[in-house]
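# Okay, sequence plus prediction incoming.
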Amino acid sequence: MSDAKFEELKTAIRDYGQAAFQNLLKCRALGDAIINGFHEFEGCPAENVAAVPAQGQFDPRKDYGDEAYSYAGREVIILEPVRFGLSIIVGNAEDSGALWLRTVISAEIIGENFDVFVASQPVIRVPIDFDGKLDPVFEAIHREFLETFTLEVNEFLDARFKTGIGFLPA
């Protein structure tokens, strides 16, 4: 028996590990750039925007560091999209309260680009060299937050529902 098959397997595992690690590092850099740049796009104080876990309870005032990213706590790095939450704190104009909003962002490297998904928004292609090229991502994040409220308000204001209750005619 030849060691060639085993060496081939070891090479494939090494290549996979390198790709997974590069994906993690580059997606984390992209995530940090999104978090650090969104407040300028949105026109709010930097402390109002934070990286938070994509799922579960969160506090946008806490510095989660790596815990905001989907790879946190894993013993093995796998080649998959990196997910994180972006939170924005919006103060209430009528009292001292504030609303904490969160959307989930997923990024993975596909060839020479990132495929970025902001919640239910369409995929956004971002070049690996993303410096100064994140406005489409920022716009998708803004749109996702905005639609959280405008879609339901538009339904509420829909004239078809003003004249009664019950079923719409077919």
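Done, it's in.
# which residues does the spatially most central residue of the chain bridge with?
Among the residues of the chain, the one closest to the centroid is residue 105, at 1.2 Å (CA atoms, centre = their mean). Beta bridges link residue 105 to residue 84, residue 118 when assigned by DSSP bridges.
# tell me the contacts of it?
Contacts for residue 105 (CB atoms under 8 Å, 6 or more residues apart in numbering) come out as 31, 34, 54, 83-86, 116-119, 137, 141. All C-beta spots, glycine's among them, are computed from the backbone N, C-alpha and C.
# Let's see the pLDDT reported for it.
For residue 105, the pLDDT comes out at 99.
# and stretch 125-140, how far out from the chain's middle?
For stretch 125-140, the separation from the chain centroid amounts to 13 Å (computed by CA atoms, centre = their mean, to the nearest Å).
# Pull out the buried positions in it.
Within stretch 125-140, the residues scored as buried using 16 or more other CB atoms under 10 Å are 126, 130, 134, 137-138, 140.
# Just give me the closest of those to residue 97.
residue 138 (25.8 Å; CB to CB).
# confidence score at the closest one?
For residue 138, the pLDDT comes out at 99.
# residue contacts, it?
Residue 138 touches 34, 37-38, 41-42, counting by CB under 8 Å, 6+ apart.
# so it, which of the three states?
Secondary structure for residue 138, judged by DSSP: H, G, I helix; E, B strand; the rest coil, is helix.
# Same check on residue 103?
Per three-state DSSP, residue 103 ends up strand.
# how close does it get to residue 142?
10 Å (CB to CB, to the nearest Å).
# ok, the two, which is more surrounded?
When residue 103 and residue 142 are compared for neighbours, residue 103 comes out ahead with 20 against 16, by other CB atoms under 10 Å.
# quick one, what contacts that one?
With contact set as CB under 8 Å, 6+ apart, residue 103 has these partners: 85-86, 118-119, 141, 144-145.
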